[in-house]
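> sharing a model that was predicted from the sequence below.
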Amino acid sequence: MGNADKNIYLVFCKEKGTVKLKISLEGFVQDAIHRKLDLYHVLVRQHGEIVGSFDWRENRRDNIHSVSKSFLSIAIGMAVEEGILRLDEYPAEIFREKLPEHPSENLMAMTIRDMIMMATGHDQFILQGYSVSDDRPGRDAIKEDDWVAYALRFDVPYKPGTYWKYNNFGPYLASVIIQDRTGQKLNDWLKPRLFTPLGINNPQWFESTRGYTLGCGGLHLSTEELSRFGQLLLNKGAWEGKQLVPEKWIKEATSNLISNKIEGKTQHPDACAGYGYFFWRCSRDNAYCGNGYGGQRIIVLPEQDACIAITGHEFDSGSIMDCVWEQIVEQLR
């Protein structure tokens with residue numbers, strides 16, 4: 001779509017059907033084009049309504065990648081409420097039959113809480129998917145099919161709970177724990193509890209070689225469906241009069257629980273503003289978000305009673321966030 005076509009499309013998108021949109025996304029779209037951001041869709045909700053939307057292409061379901069972790073966070077909160085697991089449990093005890101021959105003290109001391117804060121004490125990205133950063137194989141290239149045993153063999157050089165390292169170790173093991181204890185895949189267990197109430201029908205979620213919902217990525221949703229998740233978070237876990245997720249869990253999971261500042265690395269302020277339970281804090285407006293590979297975002301702005309869902313294939317995360325704040329959040333204020 002050329003710039004002239006985009007301008008024509010903008011005029012159309014200011015009014016979709018009979019629903020008049022309440023904010024203009026023209027500035028955001030033009031700024032995204034100027035920054036050469038490869039985005040697919042953006043959808044804005046405020047005060048419970050869709051107030052802005054723009055599609056660069058057909059709005060269909062796509063892999064939201066690591067925003068899947070934020071859905072897993074909500075699942076863990078539900079599981080805690082139902083007594084299925086506790087955050088002070090030790091994965092080494094849960095998976096004692098899969099431990100290496102001589103497990104370290106740090107591995108034995110790790111808790112589920114450490115796993116969901118990305119504070120397991122590892123210094124490597126375990127079970128990484130698309131962006132392999134060392135000589136370890138990506139998930140698709142791992143030769144053994146027991147990914148839990150594989151992950152437990154990695155060295156844990158830091159005391160758990162003290163060192164933040166982005167990782168897929170925790171989310172995958174958490175998904176396995178829920179499936180083993182409920183007898184249902186995470187995706188299926190969540191359907192009556194989360195997906196069906198939100199009107200998300202037949203969600204697709206990638207699985208491991210042993211049939212466990214991946215947890216760390218692979219959930220496929222449309223941008224509009226992703227925005228409903230953002231609205232649930234804004235509602236503090238309530239949806240259409242029913243409390244789906246404990247309000248106290250939403251508050252805790254989206255808080256700044258551990259520093260994600262990486263020593264010696266220059267980071268955009270929104271990449272190091274703190275981390276919760278599979279949620280990232282933002283550096284502005286007391287906001288927080290779920291982040292996924294290639295520019296997937298659900299940004300929640302409690303002070304503006306708004307959320308912004310974005311999908312695309314863009315790796316300049318800082319520019320996405322700056323564009324959002326300069327062109328959209330200013331209007332929401």
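Right, received. Where do you want to start?

> right, and the helix or strand after the one helix or strand residue 320 maps to?
Secondary structure from DSSP states H and E places residue 320 in helix 317-324. Downstream of helix 317-324, the first helix or strand assigned by DSSP H and E is helix 330-332.

> CA-only coordinates of stretch 196-212 in PDB, if you can.
Below are the C-alpha coordinates for stretch 196-212, written out as PDB (Å, rounded to 0.1, in the frame of the first residue of the first chain):
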ATOM      1  CA  THR A 196     -14.600 -18.400  26.200                       C
ATOM      2  CA  PRO A 197     -15.600 -15.500  28.600                       C
ATOM      3  CA  LEU A 198     -13.600 -13.100  26.400                       C
ATOM      4  CA  GLY A 199     -15.200 -14.400  23.300                       C
ATOM      5  CA  ILE A 200     -12.000 -15.900  22.000                       C
ATOM      6  CA  ASN A 201     -13.200 -19.000  20.200                       C
ATOM      7  CA  ASN A 202     -10.900 -22.000  19.400                       C
ATOM      8  CA  PRO A 203      -7.600 -20.300  20.200                       C
ATOM      9  CA  GLN A 204      -4.500 -22.000  18.800                       C
ATOM     10  CA  TRP A 205      -1.400 -22.300  20.900                       C
ATOM     11  CA  PHE A 206       1.800 -24.100  19.900                       C
ATOM     12  CA  GLU A 207       2.900 -27.200  21.800                       C
ATOM     13  CA  SER A 208       6.200 -28.900  22.600                       C
ATOM     14  CA  THR A 209       7.300 -32.200  21.200                       C
ATOM     15  CA  ARG A 210       5.600 -33.900  24.200                       C
ATOM     16  CA  GLY A 211       2.300 -32.200  23.800                       C
ATOM     17  CA  TYR A 212       2.600 -29.400  26.400                       C
END
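
> the helices in the stretch 101-250 of the chain, which residues?
Taking DSSP state H, counting those that start in this stretch as the test, the helices found in the stretch 101-250 of the chain are 105-109, 112-116, 147-152, 169-182, 186-190, 223-234, 247-253.

> what would those helices look like in a markdown table with distance to residue 206?
Bear in mind the C-beta positions are built from the backbone N, C-alpha and C, glycine included. Formatted as a markdown table, the helices of the stretch 101-250 of the chain follow (distance: least, C-beta to C-beta, whole Å):
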| stretch | distance to residue 206 |
| --- | --- |
| helix 105-109 | 27 |
| helix 112-116 | 19 |
| helix 147-152 | 13 |
| helix 169-182 | 11 |
| helix 186-190 | 9 |
| helix 223-234 | 16 |
| helix 247-253 | 23 |
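
> now the ones you listed as TSV including distance to residue 55, mean neighbour count and mean pLDDT?
Formatted as TSV, those follow (distance: least, C-beta to C-beta, whole Å; neighbours: other C-beta atoms under 10 Å; pLDDT from 0 to 100):
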stretch	distance to residue 55	mean neighbour count	mean pLDDT
helix 105-109	46	16	98
helix 112-116	33	23	98
helix 147-152	36	20	97
helix 169-182	30	23	98
helix 186-190	26	22	98
helix 223-234	8	23	98
helix 247-253	29	17	98
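
> the ones you listed: which one's closest to residue 315?
Shortest separation from residue 315 across the helices of the stretch 101-250 of the chain is recorded for helix 223-234, at 18.3 Å, computed as C-beta to C-beta.

> okay, the closest one in CSV with CA atoms only?
Extracted in CSV, the C-alpha atoms of helix 223-234 (Å, rounded to 0.1, in the frame of the first residue of the first chain):
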residue,chain,number,x,y,z
THR,A,223,-5.3,-7.7,17.4
GLU,A,224,-8.9,-7.2,18.5
GLU,A,225,-8.8,-10.4,20.6
LEU,A,226,-5.6,-9.2,22.1
SER,A,227,-7.2,-5.9,23.0
ARG,A,228,-9.9,-7.7,25.0
PHE,A,229,-7.2,-9.2,27.1
GLY,A,230,-6.0,-5.6,27.7
GLN,A,231,-9.5,-4.6,28.7
LEU,A,232,-9.6,-7.5,31.2
LEU,A,233,-6.4,-6.2,32.8
LEU,A,234,-7.8,-2.7,32.9
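
> got the contact list for it?
By C-beta atoms under 8 Å, 6 or more residues apart in numbering, the residues outside helix 223-234 that reach it are 40-43, 45, 48, 50, 53, 59, 61, 64, 67, 70-71, 74, 198-200, 203, 221, 238-239, 244-245, 250, 254, 290, 296, 298-300, 302, 305-311.

> from residue 204, how far off is residue 108?
36 Å (C-beta to C-beta, to the nearest Å).
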